[in-house]
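In: here's my sequence, what's the structure:
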Amino acid sequence: MPGPAPRVALHFIGVQHRYGDAVAVAGVDLATRPGELVALLGPSGCGKTTLLRIVAGLLRQTAGQVRLGDQIVDALPTGERGVGIVFQNYALFPHMTVQANVAYGLRARGLGGPQVAQRVGEMLDLVHMDAFAGRYPRELSGGQQQRVALARTLAIRPQVLLLDEPFAALDKNLRLDMQIEIRRIQRELGITSLLVTHDQEEAMSMADRIAVMHAGRVEQFDTPEAVYDRPASLFVARFVGTANLLPGRLARSGDGFTLHCDSGGSFHLPVAAPCSREGQALLSVRPEHLALVPTGHGAPEAVVAMVLPLGPQHVVELTLPGGGTVKASLQRHGGGPAVAPGDRVGLALRPGAPAAVFLPEV
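Out: The predicted structure is shown next:
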């Protein structure tokens with residue numbers, strides 16, 4: 001089997017795009033590493049699909065450059081950029097068999113019969129669809145159609161693989177299977193890949209790094225662990241996962257900081273990031289990073305409002321003085337005190353738990 005295309009890095013350099021007076025992408029600077037899978041994650045309208053279309057050559061940006069390796073590709077048509085695209089709806093030709101669909105791009109590039117047959121066989125074997133070569137798209141399940149679309153895209157040996165919400169049409173169980181399968185193939189081929197998704201679990205499980213986008217800008221570009229544990233902005237903290245936001249006053253204290261909560265009590269923080277300015281602040285804490293402790297000793301206090309079993313965990317909703325609420329996640333077996341609605345408890349950060357501090361919203 002011939003080797004895959006050489007690994008290349010994908011670079012966005014000051015990329016902007018406007019629709020009239022509306023800004024879809026506002027000065028994006030982003031660089032992937034060769035062979036990594038990067039997810040563009042964000043809500044609808046944040047600019048992630050616009051960036052994907054710019055890379056593919058389906059849309060010309062109004063400013064900035066796109067580079068594949070050392071080559072600026074802005075002036076190249078889609079077919080000459082060395083990119084392959086898997087669309088959300090797969091875009092298979094309904095009148096062609098699986099084999100003919102996968103062969104289409106190869107024949108369009110002028111490859112001969114034996115070469116085409118060999119490459120199609122290799123690709124169908126790669127996606128485990130060789131037994132379905134003679135079938136038509138209407139005879140396939142959604143997951144099978146997706147495998148064929150992937151095989152057709154990879155057959156032309158692109159330098160960059162673009163995945164546009166590829167799992168949106170699949171049910172939950174099949175979606176997980178296909179996420180694992182595409183990640184396996186991507187790693188096996190070592191192909192630089194860009195995944196567009198609004199599903200944070202999808203991005204967290206598949207990507208080497210995630211670019212979280214909001215209003216046309218990249219709010220944070222980092223590993224899934226860093227995005228989750230060390231959000232760089234209040235938007236990232238809110239959008240990725242679940243975050244408790246506790247307003248208070250930040251003050252330096254000995255070897256770290258203390259956040260004096262507006263609702264009473266305080267948290268000691270070894271580090272206050274990304275904001276370490278004294279004064280009013282918002283503390284962001286994930287539910288699994290909160291511990292329930294006895295009241296007293298200056299701990300913020302809350303009343304248990306509801307306890308919901310969720311698999312191996314209990315999700316506890318708590319009401320703060322003044323009416324605010326927070327959530328805590330407790331292991332069901334040996335992971336914390338048993339609590340019931342009406343109990344008064346103290347709140348503490350688990351040892352080593354990350355917490356982020358932000359300036360309050362204006």
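In: for the rest of this, base every contact and every neighbour count on C-alpha atoms.
Out: OK.
In: shouldn't residue 135 be in contact with residue 97?
Out: Yes. Taking CA atoms under 8 Å as the definition, residue 135 is a contact partner of residue 97 at 5.2 Å.
In: looking at those two, which one has more neighbours?
Out: residue 97 (19 against 14; other CA atoms under 10 Å).
In: give me the contacts around stretch 351-362.
Out: 229-231, 233-234, 247, 269, 272-276, 280-286, 289 (CA atoms under 8 Å, 6 or more residues apart in numbering).
In: redo that, cut-off 7 Å
Out: 229-231, 234, 272-275, 280-285, 289 (CA atoms under 7 Å, 6 or more residues apart in numbering).
In: tell me the buried residues in that stretch?
Out: Within stretch 351-362, the residues that count as buried by 16 or more other CA atoms under 10 Å are 354-359.
In: which members of these occur in strands, if any?
Out: Judged by DSSP state E, the buried residues of stretch 351-362 include 356-358 as members of strands.
In: ok so, going back, I'd like the buried residues of stretch 351-362 as CSV, with distance to residue 130 and pLDDT appended.
Out: Shown next, in CSV, are those (distance: CA to CA, whole Å; pLDDT from 0 to 100):
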residue, distance to residue 130, pLDDT
354, 48, 92
355, 49, 91
356, 50, 95
357, 53, 96
358, 53, 97
359, 56, 94
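In: could the residues you listed go into TSV alongside distance to residue 192?
Out: TSV is the format used below for these (distance: CA to CA, whole Å):
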residue	distance to residue 192
354	31
355	33
356	32
357	34
358	34
359	36
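In: just give me the closest of these to residue 173.
Out: Of all the buried residues of stretch 351-362, residue 173 sits closest to residue 354, with 31.4 Å by CA to CA.
In: so that closest one versus residue 184, what's the distance?
Out: Distance of residue 354 to residue 184, given as CA to CA, to the nearest Å: 31 Å.
In: kindly report the same for residue 279.
Out: With CA to CA as the criterion, residue 279 and residue 184 are 48 Å apart.
In: what's the burial count for residue 323?
Out: If we define neighbours as other CA under 10 Å, then residue 323 has 9 of them.
In: now do the contacts for it.
Out: With CA under 7 Å, 6+ apart, residue 323 has no contacts at all.
In: so what secondary structure elements neighbour the lowest-mean-pLDDT helix or strand in the chain?
Out: In the chain, the helix or strand scored least confidently by mean pLDDT, DSSP states H and E is helix 172-189, which has a mean of 89. Packing partners of helix 172-189 (3 or more CA pairs under 7 Å, 6 or more residues apart in numbering; DSSP states H and E): none among the helices and strands.
In: if we go to 8 Å?
Out: If contacts are counted by 3 or more CA pairs under 8 Å, 6 or more residues apart in numbering; DSSP states H and E, helix 172-189 sits against helix 200-206.
In: work out the gap between the helix it packs on and the centre of the chain.
Out: Average the C-alpha atoms of helix 200-206, do the same for its chain, and the two points are 5 Å apart (CA atoms, centre = their mean, to the nearest Å).
In: give the rounded mean pLDDT of the helix or strand just after it.
Out: From helix 200-206 onward toward the C-terminus, using DSSP states H and E, the following helix or strand is strand 209-214. On average, the pLDDT along strand 209-214 is 97.
In: each with direction, which strands does the following helix or strand past strand 209-214 pair with?
Out: Next helix or strand after strand 209-214 toward the C-terminus (DSSP H and E): strand 217-222. Strands that pair with strand 217-222, judged by DSSP bridges, come out as strand 209-214 (antiparallel).
In: how about the helices in the stretch 1-150 of the chain?
Out: 48-56, 98-108, 113-126, 142-155 (DSSP state H, counting those that start in this stretch).
In: give me the mean pLDDT for the first one.
Out: Over the span of helix 48-56, the pLDDT mean works out to 96.
In: same question, stretch 64-74
Out: 95.
In: buried residues, it. List them.
Out: 65-69, 73-74.
In: of these, closest to residue 123?
Out: Nearest to residue 123 among the buried residues of stretch 64-74, with distances taken as CA to CA, is residue 68, at 23.9 Å.
In: who's in contact with the closest one?
Out: Contacts of residue 68 by CA under 8 Å, 6+ apart are 8-11.
In: out of those, who has the most neighbours?
Out: Result: residue 10 is most packed of the contacts of residue 68 (other CA under 10 Å), 26 neighbours.
In: specify the beta-bridge partners of that one.
Out: residue 68.
In: quick check, it in contact with residue 29.
Out: No. Residue 10 is beyond contact range of residue 29, at 10.8 Å (criterion: CA under 8 Å).
In: check which residues of stretch 287-301 are buried.
Out: 287-293, 299-301.
In: just put those residues in TSV and tack on pLDDT and distance to residue 117.
Out: Formatted as TSV, the buried residues of stretch 287-301 follow (pLDDT from 0 to 100; distance: CA to CA, whole Å):
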residue	pLDDT	distance to residue 117
287	96	54
288	94	53
289	95	55
290	95	58
291	94	60
292	94	63
293	94	67
299	95	70
300	96	68
301	97	69
